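1. After the sequence you'll find the predicted model.
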Amino acid sequence: MRPSDLLQPRPEGLYCPPGDFFIDPVRPVERALITHGHSDHARAGHTHVLATRQTLDIMALRYGEDFARSRQAAALGEKIDVGGISVTFHPAGHVLGSAQIAVEKDGLRIVASGDYKRTPDATCAPFELVPCDVFITEATFALPVFRHPPPQEEIGRLLKSVAQFPERSHLVGAYALGKAQRVMKELRQAGYDRPIHIHGALAKLSDYYQAEGVDLGPLEPATVEAGRKGEFAGAVVIGPPSAFADRWARRFPDPVACFASGWMRIRQRARQRGVELPLILSDHCDWDELCQTITETGAGEVWVTHGREEALVRWCELQGVSARPLHLVGYEDEGD
């Protein structure tokens, strides 16, 4: 069997003809296998959904309990037969519940990474290397300029600023699923034990993380009802990036605008967003980690998707590894 007989790109997403299922389809399909809960990968409206229990829970929190007609939870490492195809979910280290999906038939194994990272993260299971014949990798930060610093250094910069400016609040922009909870956990691991104030859009998912055993410490709502403007002096406030453009952000005393993202490596992006304290904190692999992972999988062929595809394809070719871009559309950077 050729790899293209087992998985192939379609407008809806990656499709497995012999198993009649899609991986992370961007439009409603009969059977969908979902790598993680970010909205560019996990969409409502599919008939049948197979994903990890935590991803199914997150989809229900975001879309409602009726996000699919039926759902099936996949345990990590469990072999599941889907239309005669062996399917296994393996930790991706991206966000809570995230998984790579290994698809096997007749001795051929293809691993679809979904989004993944190699940096240790106490809010989710660590990435598991899965040897394979074909590795389908994301390429969000697949340029040599992207080399992420240790997260402890970035959180250290945030805490240093908090100490230097006790009269100002620090507003940290972080995506609602994964990044926000990781910032909270990194702060706790760095010894910050004061309450963290959060935007209402983060409450439901943060409560779920805590229920799943991820201790985020004391969290308090960042609302007018919860305190007058002066009471937020010296506070760390976390909210979704979209909230920083509305009246919510203007209620805090002389706020230091921060943004936690791998894109903060690009200074122009930080300036465009009006970010005073950029925090380079990513839930995706950087260039070195992408190259390392491709090498370690032992894959003889690499398919590259959603990101800076051409640079990584070229790197593979220079290493003697066959590679091609998939040019899939509909995948953004919600969890960057």
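-> Yep, it's here.
2. Just name the shakiest helix or strand of the protein by mean pLDDT.
-> helix 267-272 (a mean of 91; mean pLDDT, DSSP states H and E).
3. And for that helix, what's in contact with it?
-> Applying Cβ atoms under 8 Å, 6 or more residues apart in numbering, the contact partners of helix 267-272 are 259, 263-264, 278. Using the backbone N, CA and C atoms, a C-beta is placed for each residue, glycine as well.
4. Against residue 239, how distant is the closest residue to residue 241 other than its chain neighbours?
-> Spatial nearest neighbour of residue 241, chain neighbours left out: residue 173 (4.1 Å); criterion: Cβ to Cβ, 6 or more residues apart in numbering. Separation of residue 173 from residue 239 (Cβ to Cβ, to the nearest Å) stands at 7 Å.
5. Check the gap between residue 135 and residue 293 for me.
-> 8 Å.
6. just residue 116 next, same as before
-> Distance from residue 116 to residue 293, counting by Cβ to Cβ: 8 Å.
7. Now the common contact residues for these two.
-> Shared contacts of residue 116 and residue 293 (Cβ under 8 Å, 6+ apart): residue 285.
8. Please identify which of those two sits among more neighbours.
-> Comparing residue 116 with residue 293 by other Cβ atoms under 10 Å, the one with more neighbours is residue 116, at 26 against 19.
9. Pull the contacting residues for the more buried one.
-> Contacts here follow Cβ under 8 Å, 6+ apart; on that basis residue 116 touches 92-94, 98, 100, 127, 138, 284-285, 293.
10. all helices in the chain, in order from the N-terminus.
-> Residue ranges of the helices in the chain, as given by DSSP state H, are 3-6, 53-63, 151-164, 179-189, 203-211, 267-272, 287-297, 309-318.
11. Residues touching the third one, excluding its own?
-> Helix 151-164 is contacted by residues 119, 170, 172, 182-183, 186-187, 189-190, 192, 234, 236, 256, 258, 260, 277, 279-281 when judged by Cβ under 8 Å, 6+ apart.
12. In strands, which of those residues appear?
-> Judged by DSSP state E, these include 170, 172, 236, 256, 258, 260, 277, 279 as members of strands.
13. excluding its backbone neighbours, what's nearest residue 115?
-> residue 94 (4.4 Å).
14. The one you found contacts residue 113, doesn't it?
-> No: Residue 94 is beyond contact range of residue 113, at 9.0 Å (criterion: Cβ atoms under 8 Å).
15. before we move on, the earlier item: buried ones among the contacts of helix 151-164?
-> Among these, the ones that count as buried by 16 or more other Cβ atoms under 10 Å are 119, 170, 172, 182-183, 186-187, 192, 236, 256, 258, 260, 277, 279-281.
16. residues contacting the residue nearest to residue 241?
-> By Cβ under 8 Å, 6+ apart, the contact set of residue 173 is 239-241, 243-244, 257-261, 273, 275.
17. for residue 234, same thing?
-> Residues in contact with residue 234 (Cβ under 8 Å, 6+ apart) are 162, 165-169.
18. Quick check: buried residues in stretch 281-295?
-> Across stretch 281-295, burial judged by 16+ other Cβ under 10 Å covers 281-287, 289-291, 293-294.
19. and the end-to-end length of it?
-> Stretch 281-295 has its terminal residues 24 Å apart, counting by Cα to Cα, to the nearest Å.
20. what about that stretch, average pLDDT?
-> Stretch 281-295 carries an average pLDDT of 98.
21. from the middle of its chain, how far away would it be?
-> Mean C-alpha position of stretch 281-295 versus that of the full chain (Cα atoms, centre = their mean, to the nearest Å) differs by 13 Å.
22. returning to what we had before: just put the contacts of helix 267-272 in JSON lines and tack on pLDDT and neighbour count.
-> Below are the contacts of helix 267-272 laid out as JSON lines (pLDDT from 0 to 100; neighbours: other Cβ atoms under 10 Å):
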{"residue": "259", "pLDDT": "97", "neighbour count": "24"}
{"residue": "263", "pLDDT": "96", "neighbour count": "18"}
{"residue": "264", "pLDDT": "96", "neighbour count": "23"}
{"residue": "278", "pLDDT": "97", "neighbour count": "22"}
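23. related to what we said a few turns ago, could you redo the contacts of residue 116 as JSON lines and give each row distance to residue 21?
-> Below are the contacts of residue 116 laid out as JSON lines (distance: Cβ to Cβ, whole Å):
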{"residue": "92", "distance to residue 21": "18"}
{"residue": "93", "distance to residue 21": "24"}
{"residue": "94", "distance to residue 21": "21"}
{"residue": "98", "distance to residue 21": "19"}
{"residue": "100", "distance to residue 21": "16"}
{"residue": "127", "distance to residue 21": "24"}
{"residue": "138", "distance to residue 21": "20"}
{"residue": "284", "distance to residue 21": "25"}
{"residue": "285", "distance to residue 21": "26"}
{"residue": "293", "distance to residue 21": "25"}
